[in-house]
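In: got a predicted structure plus its sequence, pasted below:
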Amino acid sequence: MVDVSAKASTHRVAVATGRIQMLPATLALVQAGTAKKGDVLGIARIAGIQGAKRTSDLIPLCHPLALTRVAVDFEVLSEASTPTIVCQATAETVGPTGVEMEALTAVQVALLTIYDMCKAADRGMTITDVRLLKKQGGKSGSWEAD
């Protein structure tokens with residue numbers, strides 16, 4: 001792991017996003033809450049938060065962090081040409097290293113949970129566009145995607 005002991009503790013925030021595309025009938029199950037495994041978005045939200053908390057267990061050489069906040073939100077795009085659920089995760093800490101990996105992991109785990117909970121209805125779902133939207137804090141300051 002990289003030695004971060006000399007780095008100043010600052011408030012750090014990272015926001016990541018991703019999407020999962022599915023059949024209209026699959027999205028209808030999610031929206032109606034009638035998927036066989038239960039409340040898809042509620043469970044995916046909890047899974048994403050857990051994923052952020054376990055990032056250092058999943059990513060080699062990633063520092064374990066004391067997260068001060070993790071939020072996982074979903075936007076349903078039912079009118080899109082391909083029905084889509086967009087996930088956005090925000091991770092925050094006060095510490096010597098950033099939370100980009102935690103935000104990205106939260107998005108991936110949340111989207112994988114949606115896939116797992118709906119795969120009996122739609123094995124062709126596609127997870128796409130997972131990326132960092134912005135980060136704040138630390139020596140490098142703020143960064144935002146175009």
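Out: Happy to help now that I have it.

In: who's in contact with Arg45?
Out: Counting by C-beta atoms under 8 Å, 6 or more residues apart in numbering, Arg45 touches 72-74, 110. In short, each C-beta sits where N, CA and C put it, glycine included.

In: what comes up buried for the lengthiest helix in the chain?
Out: Ranked by number of residues, the top helix in the chain under DSSP state H is helix 100-118. The neighbour-count check on helix 100-118 (16 or more other C-beta atoms under 10 Å) flags 100-115, 117-118 as buried.

In: now the strands for the chain?
Out: For the chain, strands defined by DSSP state E occupy the ranges 10-21, 67-77, 84-95, 126-136, 143-144.

In: contacting residues around the spatially closest residue to Gly51 that is not a sequence neighbour?
Out: Once flanking residues are discounted, Gly51 sits nearest to Val109: 2.9 Å by C-beta to C-beta, 6 or more residues apart in numbering. By C-beta under 8 Å, 6+ apart, the residues touching Val109 are 47-48, 50-52.

In: buried subset of the residues you listed as a ChimeraX selection?
Out: Burial among the contacts of Val109 is assessed by 16+ other C-beta under 10 Å; the matching ChimeraX selection reads:
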select :47,48,50,51,52
